[in-house]
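Peer 1: next input, structure requested:
(one chain, ligands or ions: 2)
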Amino acid sequence: MAGIAVVFDFDKTIIDLDSDNWVVDELGATDLFNQLLPTMPWNFVMDRMMKELYAQGKTIDDIQEVLRRAPIHPRVVPAIKTAHSLGCDLRIVSDANLFYIETILVHLGIRDCFSEINTNPGYVNEEGRLRIFPFHDFQSSSHGCNLCPPNMCKGMIIERIQASLAKEGKKTMIYLGDGSGDFCPSLKLKDEDYVMPRKNFPVWDLICQNRSLVRAEIHEWNDGEELERVLLKLIETISLQESHSKSTWWLSVDCKMETIPMTAHEALPPALPVNQ
Ligand SMILES: [Mg+2]
Ligand SMILES: [Zn+2]
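Peer 2: Ligands and ions are numbered 1, 2, ... in the order given. Have a look, this model is predicted:
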């Protein structure tokens with residue numbers, strides 16, 4: 001519970017589609033998007049698309065209205081609320097952008113469930129136009145990971161989260177994702193962690209092909225209903241293990257503090273006789 005961090009991807013993990021594609025398609029700009037995509041990195045295409053949509057008279061309200069309609073499985077919000085109420089530390093690591101993610105989380109009433117959102121910066125400028133920037137400024141330097149897109153290495157973000165969790169005494173991480181960008185962070189997870197790849201999605205394929213590289217325990221899921229069931233079951237299992245290891249830790253402290261020497265064997269209740 002207090003020792004568990006749950007890290008979510010956003011697109012096709014929390015919501016059921018890709019938010020960039022959803023906005024572009026719903027605002028009727030798919031053709032231009034497809035023309036630009038081969039000419040520049042995805043992240044720059046999105047910023048450029050926002051410029052084009054602004055020029056066409058599309059407002060921030062229009063974009064937000066589309067985002068609020070983004071499809072989400074009905075069990076995802078209850079799953080997030082339950083995990084949060086159980087004391088888990090929930091975080092997002094996403095290659096979408098802050099404006100889209102916050103708009104949707106606020107609309108769903110779950111923004112406050114998350115302690116941290118790691119994503120591409122996105123904000124409305126003084127003209128009323130949405131600007132989207134890369135999380136990692138790859139024009140000044142590369143992040144050096146060849147598994148990840150130039151603007152974001154989710155594995156590096158996971159390593160930073162792992163360092164901060166270690167300081168807070170949190171021990172276990174559960175990571176949920178669907179895309180190829182979720183493979184690098186899956187490789188950073190430790191033996192005591194859990195990865196929840198979405199079945200038949202790119203990260204699941206990559207994990208299946210490279211099982212020996214993944215140290216975390218793997219638990220697949222298909223849809224929001226399974227996401228809820230698998231996630232809450234894992235939280236329950238980890239919590240039981242935690243409370244068990246805490247109680248044995250106290251037992252060992254008690255034994256060490258005994259002034260009269262007593263072996264662990266003597267401290268245990270006598271074994272019951274068994275009929276042969
Ligand atoms: Mg995704
Ligand atoms: Zn990476």
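Peer 1: how about the residues of the stretch 51-200 of the chain near ligand 1?
Peer 2: When proximity is defined by Cβ under 5 Å from the ion, the stretch 51-200 of the chain lies next to ligand 1 at 178, 179. In short, each C-beta sits where N, CA and C put it, glycine included.
Peer 1: quick one, phi/psi of the residue nearest to residue 10 when sequence neighbours are not counted?
Peer 2: By the measure of Cβ to Cβ, 6 or more residues apart in numbering, the closest residue to residue 10 outside its immediate chain neighbours is residue 94, 3.6 Å from it. The phi and psi torsions at residue 94 (degrees, to the nearest 10) take the values phi -140, psi 150.
Peer 1: ranges for the helices of the stretch 151-276 of the chain?
Peer 2: 154-168, 183-188, 202-209, 224-257, 264-267 (DSSP state H, counting those that start in this stretch).
Peer 1: can you flag the weakest of the ones you listed by average pLDDT?
Peer 2: Lowest mean pLDDT within the helices of the stretch 151-276 of the chain: helix 264-267, a mean of 43.
Peer 1: out of the helices of the stretch 151-276 of the chain, which one sits most buried?
Peer 2: Mean neighbour counts were compared across those using mean count of other Cβ atoms under 10 Å; the top stretch is helix 183-188, at a mean of 22.
Peer 1: for that one, packing partners?
Peer 2: Packing contacts for helix 183-188, counted by 3 or more Cβ pairs under 8 Å, 6 or more residues apart in numbering; DSSP states H and E, involve helix 154-168, strand 172-177, helix 202-209.
Peer 1: touching ligand 2 at all, the longest one?
Peer 2: It refers to helix 154-168. Yes. Counting by Cβ under 5 Å from the ion, ligand 2 has neighbours in helix 154-168: residue 155.
Peer 1: dump that helix to PDB, restricted to CA.
Peer 2: Written as PDB, here are the backbone C-alpha positions of helix 154-168 (Å, rounded to 0.1, in the frame of the first residue of the first chain):
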ATOM      1  CA  LYS A 154      10.600   6.500 -20.500                       C
ATOM      2  CA  GLY A 155      13.300   4.200 -19.100                       C
ATOM      3  CA  MET A 156      15.300   7.300 -17.900                       C
ATOM      4  CA  ILE A 157      12.100   8.600 -16.200                       C
ATOM      5  CA  ILE A 158      11.600   5.300 -14.500                       C
ATOM      6  CA  GLU A 159      15.200   5.300 -13.200                       C
ATOM      7  CA  ARG A 160      14.600   8.800 -11.700                       C
ATOM      8  CA  ILE A 161      11.300   7.600 -10.100                       C
ATOM      9  CA  GLN A 162      13.100   4.600  -8.700                       C
ATOM     10  CA  ALA A 163      15.700   6.800  -7.100                       C
ATOM     11  CA  SER A 164      13.000   9.000  -5.500                       C
ATOM     12  CA  LEU A 165      11.000   6.000  -4.300                       C
ATOM     13  CA  ALA A 166      14.000   4.500  -2.700                       C
ATOM     14  CA  LYS A 167      14.500   7.700  -0.600                       C
ATOM     15  CA  GLU A 168      10.800   7.500   0.400                       C
END
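Peer 1: and the angle from it to strand 172-177?
Peer 2: With axes from the mean of the first three to the mean of the last three Cα atoms, to 10 degrees as the basis, helix 154-168 and strand 172-177 are set at 160 degrees to each other.
Peer 1: list the residues that contact the residue nearest to residue 10.
Peer 2: Shown here is residue 94, whose contacts under the criterion Cβ atoms under 8 Å, 6 or more residues apart in numbering are 8, 9, 10, 11, 101, 117, 118, 119.
Peer 1: let's see it at 7 Å
Peer 2: Each residue near residue 94 by Cβ atoms under 7 Å, 6 or more residues apart in numbering is listed here: 9, 10, 11, 101, 119.
Peer 1: state the pLDDT value of the closest residue to the last one other than its chain neighbours.
Peer 2: When you say that, I think you mean residue 119. The shortest distance from residue 119 to any non-neighbouring residue, by Cβ to Cβ, 6+ apart, is to residue 94 (4.5 Å). For residue 94, the pLDDT comes out at 98.
Peer 1: with only the CA atoms kept, save the helix or strand where residue 119 lies in CSV.
Peer 2: Using DSSP states H and E, the secondary-structure element containing residue 119 is strand 114-120. Once non-C-alpha atoms are left out, strand 114-120 reads as follows in CSV (Å, rounded to 0.1, in the frame of the first residue of the first chain):
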residue,chain,number,x,y,z
PHE,A,114,-1.7,11.3,-9.4
SER,A,115,1.3,12.6,-7.6
GLU,A,116,3.2,13.2,-10.8
ILE,A,117,2.7,13.5,-14.6
ASN,A,118,5.8,13.1,-16.7
THR,A,119,5.1,14.1,-20.2
ASN,A,120,5.8,16.5,-23.0
